[in-house]
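Student: Take a look and give me a structure for this.
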Amino acid sequence: MLTVRISRFSRVAALAIGVAIASGTVALLEPYTGCLGLVLVILFTHLLGRDIGRLSAAFVSTGIVWVLVGLPHPVLASSSITRSIVTILAAWLCAELVSRRPRKPVSNARMKDDPFDLPIERLASQLWSRTIDGQPEYMNGRKIAESRLRSQVQNFRRMVDCVPACVCVADPAGKLVYVNKVGLATLGRPREEVVGDLWMNYIHPTDVEAARAQWAQCIEAGRPVDVVVRMQQYDGAYRWQRLLAEPFYDKGVVVNWYLVCTNIDDLKETEVALQHREHQLREITETIPGMIWCTDAGGQPTYLNRRLAEYAGVDISETRDLGYRKTIHPDDWERVFQRWKHSVQTGEPYTGVRRMRSKDGQYRWYQVRAEAMRDADGNIVQWYGLNIDIDEQKRAEDSLREVQTQLARATRIATVAELSASIAHELNQPLTSVIANAHACRRWLAANPPNLDEARSSVEAILRDGHAADETMQSIRTLFKGESLKKSQCSIPGTVRDAVRLLKEDPTMRDAAITPEFPANLPDVNVDRIQIQQVLINLMSNAIEATENTGRTPQVGITGAVLDERLVKIEISDNGNGIAEPDTLFQPFLTSKAKGMGIGLAVSRSIIEAHDGILTARNNLDQGATFSLTLPIFSLAGEPQTVAPRA
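Tutor: Numbering: from 1, shown residues only. Sure thing, here's the model as predicted:
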């Protein structure tokens, strides 16, 4: 806000001017009062100068003439006109005479008489005085201005010297004329060894030519300078510096160049270290035994490492906009594309197996994995993928699968052979009995006289054993074909006796002591009698053979008991060497017998499980082993019989 101070005299003059203005207004209406306008003219002229006085005189004259000519007023008498003319002339005369006149210069005579009578400001351009103790007492205006300017220059120079950087000033030709204290201290040189073009002598020999050329080009073109060079410092070491220079123009002409030099040695070392790390990382991605690729958040490829690009024979531009489709086997494309699309939309990790085409047209199997990189807000920024060659592994798996197929076929063939042996084993008992009875019949018929009764009994035994052999074959066929079992009511003691009788027909089994012990109220079971008979014969045969090479007479015990309201338990124990490997006892083709095929127990367990029962084995506390099997109880009503279990 501009503040104007008004003296007392000015305030009085302003009051007089106000009165004059009022009088002048009256003069516009009545020429007789025009004399009051003279006061206005006199005051304006005296206070504000001749030009303003003339202007006020013109206003008064115009007002008088306007009243005389333009208004219907009886003032057009000669006396009124005369007075008006006199008033106008008086106003202009006052405007010319009342204004102030400039003072005349003081004569030389007066200066000679009293030179100190002049104002001090006119006596000398720079005048000052001090007290006895040297303190400033007086300074004229010009001296004060120069002192202030000098003080500002000193403050500016002091400020520039304290800036923590090298600050320089160069002339229009680019030659240094000023270097601040920090710059001189950094170079470790006096000013005279730095100014001009001498500062370039401290630039590293490798950088000096390029720096000179760039500096000269910028100076000639008048454009800002930005140069990065290594400069020798106070300790003789070269450090990276960045030189920035700006031209200062005055009326379109470069007056000075202002230059700032900052130390960027640490930044340069960090940059070099980062470049080294980036180079190492790039080398890792290029030499890693895998194919690395990157895409943006939308799945658009942005990078392929050298191994992938060389294998597929493509660059990154050829893979954009689904261009990588030509590198994937046509049979795998739809599956691969749908999985990748799902991962891009949901952010879930991608994994899959695909066949990739090489640049020579060959396809190899690759395991592909990709993970999304996210920012701090959880948004996907980029996808990183890795392709690993699994062609050899895949082909090995295919070969293994082929071998497994062939092994399964061979196993089936071996199983058929084993089943043939099992069938022969099962049929051996009834056929042996048939042969024995046939020999007995022949002996009875060859007697003199022939014993027809005994011969008839032998023939009946032959028929019975023949039917048994047929039933055995039917049962084996049912088991082999997986047909439903033909279950019927069967007595456990009777089935065991038939099995013992058939077993005793074998001469190698006749010496064994087989002792069946069953409770009187043991319920009948609902089983396929022939198959259960085969299981019992197999278990008793194993029990007898378990005593080989022990020196003990085979002793086989058979017991039965009610396990619960649905099952009957039968146990067959022996006095052999026991079970060496219980965990593998029921596995097919595993046997401890020299002539065994290892299928009997496996088939027996299958038969018992087909009857909804369980076959287990355990070693006895003293010697030998015990086999336990459970069978379902027969019920006429189709429901299990309620039988009190017995120990």
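Student: Please, where are all the strands along the stretch 451-600 of the chain?
Tutor: 488-490, 513-517, 525-527, 555-562, 567-573 (DSSP state E, counting those that start in this stretch).
Student: JSON lines for those, including mean pLDDT?
Tutor: Formatted as JSON lines, these follow (pLDDT from 0 to 100):
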{"stretch": "strand 488-490", "mean pLDDT": "89"}
{"stretch": "strand 513-517", "mean pLDDT": "90"}
{"stretch": "strand 525-527", "mean pLDDT": "91"}
{"stretch": "strand 555-562", "mean pLDDT": "92"}
{"stretch": "strand 567-573", "mean pLDDT": "93"}
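Student: of the ones you listed, which approaches residue 240 most closely?
Tutor: strand 567-573 (93.9 Å; CB to CB). (C-beta placed from N, C-alpha, C; glycine too.)
Student: how many neighbours does residue 538 have?
Tutor: For residue 538, the count of nearby residues is 23 (other CB atoms under 10 Å).
Student: residue contacts, it?
Tutor: Residue 538 is in contact with 425, 600-601, 603-604, counting by CB atoms under 8 Å, 6 or more residues apart in numbering.
Student: Likewise for residue 163?
Tutor: Taking CB under 8 Å, 6+ apart, one finds 180, 182 in contact with residue 163.
Student: before we move on, what about the one 4 residues further on?
Tutor: For residue 167, the residues meeting the contact criterion (CB under 8 Å, 6+ apart) are 160, 179-180, 182-183, 258-261.
Student: Could you tell me which of these belong to strands?
Tutor: Judged by DSSP state E, the subset of these located in strands is 179, 258-261.
Student: Save those as TSV, and put in pLDDT, neighbour count and distance to residue 304 too.
Tutor: Conversion of these to TSV gives the following (pLDDT from 0 to 100; neighbours: other CB atoms under 10 Å; distance: CB to CB, whole Å):
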residue	pLDDT	neighbour count	distance to residue 304
179	88	26	53
258	89	14	49
259	89	23	46
260	89	16	44
261	88	24	44
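Student: out of those residues, who's nearest residue 54?
Tutor: Of the ones in strands among the contacts of residue 167, the one sitting nearest to residue 54 (CB to CB) turns out to be residue 258, at 54.1 Å.
Student: What separation is there between the closest one and residue 177?
Tutor: Using CB to CB, to the nearest Å, residue 258 is found at 11 Å from residue 177.
Student: list residues touching both of these two?
Tutor: Common neighbours of residue 258 and residue 177 (CB under 8 Å, 6+ apart) are 169-170.
Student: and residue 45, which of the three is it?
Tutor: helix (DSSP: H, G, I helix; E, B strand; the rest coil).
Student: okay, now it: neighbour count?
Tutor: Neighbours of residue 45 (other CB under 10 Å): 25.
Student: which SS class is the nearest residue to residue 451 once chain neighbours are set aside?
Tutor: Using CB to CB, 6 or more residues apart in numbering and skipping residues adjacent in sequence, the residue nearest residue 451 is residue 444, 4.3 Å away. Here residue 444 is recorded as helix under three-state DSSP.
Student: For residue 444, which residues are in contact?
Tutor: 450-452, 454-455, 458.
Student: Quick one, which of these are buried?
Tutor: Neighbour counting by 16 or more other CB atoms under 10 Å classes 451, 455, 458 among these as buried.
Student: nearest spatial neighbour of the last one, skipping sequence neighbours?
Tutor: Once its chain neighbours are removed from consideration, residue 458 has its nearest residue in residue 441; the separation is 3.6 Å (CB to CB, 6+ apart).
Student: would you say that neighbour is within a helix?
Tutor: Yes - under the criterion used here (three-state DSSP), residue 441 sits inside a helix.
Student: so what's it scoring on pLDDT?
Tutor: pLDDT, residue 441: 77.
Student: likewise the one 5 residues further on?
Tutor: Confidence per residue is given as pLDDT, and for residue 446 that number is 77.
Student: what about it, how many neighbours?
Tutor: 10.
Student: tell me the contacts of residue 340?
Tutor: Under the criterion of CB under 8 Å, 6+ apart, the neighbours of residue 340 are 299, 350, 352, 370.
Student: out of these, which is most surrounded?
Tutor: residue 370 (21 neighbours).
Student: So which of the strands of the stretch 451-600 of the chain is the most surrounded?
Tutor: Stretch with highest mean neighbour count among the strands of the stretch 451-600 of the chain: strand 525-527 (a mean of 24; mean count of other CB atoms under 10 Å).
Student: Run through who's touching it.
Tutor: Taking CB under 8 Å, 6+ apart as the rule, strand 525-527 contacts 485, 487-490, 492, 532, 568, 611, 631-635.
Student: Same check on stretch 305-314?
Tutor: By CB under 8 Å, 6+ apart, stretch 305-314 touches 285-286, 288, 290-293, 304, 315-316, 323-324, 326-327, 356-359, 387.
Student: Kindly give a single PyMOL line that selects the buried subset of those.
Tutor: In PyMOL syntax, the buried subset of the contacts of stretch 305-314 is picked out as below (16+ other CB under 10 Å):
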select buried, resi 285+290+291+292+293+304+316+324+327+356+357+387
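Student: List the ones among the contacts of stretch 305-314 that fall in helices.
Tutor: 285-286, 316 (DSSP state H).
Student: As JSON lines, the residues you listed with pLDDT and distance to residue 221 would be great.
Tutor: Output for these, formatted as JSON lines (pLDDT from 0 to 100; distance: CB to CB, whole Å):
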{"residue": "285", "pLDDT": "73", "distance to residue 221": "43"}
{"residue": "286", "pLDDT": "73", "distance to residue 221": "42"}
{"residue": "316", "pLDDT": "86", "distance to residue 221": "39"}
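Student: Could I get the average pLDDT for stretch 163-171?
Tutor: pLDDT averaged over stretch 163-171 gives 85.
Student: Show the end-to-end separation of that stretch, please.
Tutor: In terms of CA to CA, to the nearest Å, the two terminal residues of stretch 163-171 are separated by 21 Å.
Student: In that stretch, which residues are buried?
Tutor: 165-170.
Student: on that earlier part again, for the contacts of residue 444, which one is nearest residue 335?
Tutor: Nearest to residue 335 among the contacts of residue 444, with distances taken as CB to CB, is residue 458, at 74.4 Å.
Student: contacting residues for that closest one?
Tutor: Residue 458 neighbours (CB under 8 Å, 6+ apart): 437-438, 440-441, 444.
Student: And the buried ones among those, selectable in ChimeraX?
Tutor: Per 16+ other CB under 10 Å, the buried members of the contacts of residue 458 correspond to this ChimeraX selection:
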select :437,440,441,444
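Student: which stretches of the stretch 101-250 of the chain form strands?
Tutor: Under DSSP E, counting those that start in this stretch, the stretch 101-250 of the chain gives strands at 128-130, 136-139, 166-170, 176-179, 225-232, 238-250.
Student: re earlier: among the contacts of residue 538, which are located in strands?
Tutor: Using DSSP E, none of the contacts of residue 538 sit in strands.
Student: Hmm, which of those is lowest in pLDDT?
Tutor: residue 425 (58).
Student: ok so, going back, right, and the pair among the contacts of residue 167 with maximum separation?
Tutor: Going by CB to CB, the pair spanning these furthest: 182 and 258, at 14.9 Å.
Student: Which residue lies nearest the spatial centre of this structure?
Tutor: Taking CA atoms, centre = their mean, the centroid of the chain lies closest to residue 373, which sits 1.6 Å from it.
Student: Find the nearest non-adjacent residue to that one, please.
Tutor: residue 382 is the one closest to residue 373 (CB to CB, 6+ apart), at 4.8 Å.
Student: Same question for residue 167.
Tutor: residue 180 (4.4 Å).
Student: was I right about that neighbour contacting residue 158?
Tutor: No - the criterion here is CB atoms under 8 Å, and residue 180 misses it with residue 158 at 10.0 Å.
Student: Tell me which of those two has more neighbours.
Tutor: residue 180 (21 against 10).
Student: about what we covered before: reformat the contacts of strand 525-527 as TSV; add distance to residue 274.
Tutor: As requested, the contacts of strand 525-527 are arranged in TSV below (distance: CB to CB, whole Å):
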residue	distance to residue 274
485	80
487	84
488	89
489	91
490	89
492	89
532	84
568	84
611	78
631	82
632	81
633	85
634	88
635	88
